[in-house]
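> Okay, sequence plus prediction incoming.
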Amino acid sequence: MSEMTGKSESIDWHNLPQGDELFRFSFEDGRVRGVSLRLEPTWQAAIENHDYPASVASLLGQAVAGAVLMVASLKFQGRLVMQFAGGGPISLLVVQVTSDRRFRCMAKWDDDRLAVAGDHLEDQLGRGQLVLTIEPDEGARYQSLVPIAGAGLENAIEGYFQQSEQLPTRLVLSATGDVTAGMLVQQMPETGGIMPSRGAAASGFEHVGKLMDTLLGEQGRQEMRTVSAPELLHRLFHQEALRIQDVARVSFNCGCTREGVGQMLASLGRQELEETLDSEETSELIEIRCDFCGSLYRFDRVDVEQLLTSDSVAPAESTRH
């Protein structure tokens, strides 16, 4: 997409994509930059085979939006894995996003504990940490640990940027089981990597941050979910020198296959597989459900024998629920 520059009235907002894209933008001659997105059908497809409670879907959706925004703001080729793990009723949130903006996600929780949990982040996730892993196609794997603290997931992600990237960052996330949305802005360093503490760049970031503060209440978060990303940018920054730098598609892609699941089963060995088939609970059928997309793969005795005697997995039916 060609770069679009100027105040709001010089940008044709109606001709910008309104679907599941992310928008990279900047202010003040690039000294403050940001990314905004809103996902609806893509997010719904990611969780359609899961019966997530509302609070789980909300936190997982926020994690997805946060991870995609991070990938869009970091310059690397490869995969980012974001994992929140703690001792709360929601014991695990995992999001994997590739540098070409394909994601998959999963969550684990305890229904009984969740039913009596409070609304604060620590009530739901417990005293855990954000584990952020960057796996580049070339080069060393990088991992950062950030405590889960503050009022929301955005605070933990902001903590990563402050700790690992030394970039002042503001982030707002909002999600339900139908929509997930987010916006991230950052103050950029000057030449030589120096982060200005005063001057036009610092004041510009502070001003943009105050505008983003209007999204922090329930009304603002609802607005993020109900209007498109371009419309939200227009409403917030219509008086600013805003530049739309790039528009990119976001997609859900799990990547699991029957062949891959079959190879995993074959690695368990004949004895374990036969004992599983003989178990009364399995009814002579091994069923494996993907934690990420919910696809269900079934293997009977014939399938298992083929797995153990062949290098390939016979093409049999997989079922999605």
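Cool, got the structure. Given the structure is predicted, the values throughout are model-derived calculations rather than measurements.
> sec struct for residue 22, please.
With DSSP: H, G, I helix; E, B strand; the rest coil as the basis, residue 22 sits in strand.
> can you tell me which residues contact the most centrally placed residue in the chain?
Taking C-alpha atoms, centre = their mean, the centroid of the chain lies closest to residue 64, which sits 1.8 Å from it. For residue 64, the contacting residues are 39, 43, 46, 95, 103, 105, 175, 180, by C-beta atoms under 8 Å, 6 or more residues apart in numbering. Quick note: C-beta positions are derived from backbone N, CA and C, even for glycine.
> which of the residues you listed tops the neighbour count?
In terms of neighbours by other C-beta atoms under 10 Å, those top out with residue 180 at 32 neighbours.
> Pretty sure that residue sits against residue 41.
No - with contact defined as C-beta atoms under 8 Å, residue 180 does not reach residue 41; the gap is 11.4 Å.
> what are the bridge partners for residue 184, then?
residue 35, residue 171 (DSSP bridges).
> Who is residue 78 paired with across the strands?
Beta-bridge partners recorded for residue 78 (DSSP bridges): residue 136.
> for this structure, what spans make up the strands?
21-27, 32-39, 78-85, 90-98, 102-109, 129-136, 142-147, 169-175, 180-187, 243-249, 251-252, 286-289, 295-299, 318-320 (DSSP state E).
> Would you format those strands as JSON lines with distance to residue 308 and mean pLDDT included?
Compiled in JSON lines, the strands of the chain are given as follows (distance: least, C-beta to C-beta, whole Å; pLDDT from 0 to 100):
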{"stretch": "strand 21-27", "distance to residue 308": "45", "mean pLDDT": "90"}
{"stretch": "strand 32-39", "distance to residue 308": "42", "mean pLDDT": "94"}
{"stretch": "strand 78-85", "distance to residue 308": "32", "mean pLDDT": "92"}
{"stretch": "strand 90-98", "distance to residue 308": "30", "mean pLDDT": "94"}
{"stretch": "strand 102-109", "distance to residue 308": "29", "mean pLDDT": "95"}
{"stretch": "strand 129-136", "distance to residue 308": "32", "mean pLDDT": "90"}
{"stretch": "strand 142-147", "distance to residue 308": "36", "mean pLDDT": "86"}
{"stretch": "strand 169-175", "distance to residue 308": "43", "mean pLDDT": "94"}
{"stretch": "strand 180-187", "distance to residue 308": "42", "mean pLDDT": "94"}
{"stretch": "strand 243-249", "distance to residue 308": "42", "mean pLDDT": "90"}
{"stretch": "strand 251-252", "distance to residue 308": "33", "mean pLDDT": "94"}
{"stretch": "strand 286-289", "distance to residue 308": "12", "mean pLDDT": "88"}
{"stretch": "strand 295-299", "distance to residue 308": "11", "mean pLDDT": "89"}
{"stretch": "strand 318-320", "distance to residue 308": "19", "mean pLDDT": "42"}
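> Quick one: closest of these to residue 237.
When the strands of the chain are ranked by proximity to residue 237, the top entry is strand 21-27, at 7.5 Å, counting by C-beta to C-beta.
> was I right about residue 98 contacting residue 78?
Yes - the criterion here is C-beta under 8 Å, and residue 98 meets it with residue 78 at 7.4 Å.
> if you go through the stretch 201-321 of the chain in chain order, where are the helices?
For the stretch 201-321 of the chain, the helices defined by DSSP state H, counting those that start in this stretch occupy 218-226, 229-237, 258-266, 270-278, 301-309.
> Can you mark which positions in the second one are buried?
Residues of helix 229-237 classed as buried under the neighbour-count rule (16 or more other C-beta atoms under 10 Å) are 229, 230, 231, 232, 233, 234, 236, 237.
> same check, this time on the last one
Burial within helix 301-309, assessed by neighbour count using 16+ other C-beta under 10 Å, is assigned to 303, 304, 306, 307.
> Can you name every helix or strand that it contacts?
helix 258-266, helix 270-278 (3 or more C-beta pairs under 8 Å, 6 or more residues apart in numbering; DSSP states H and E).
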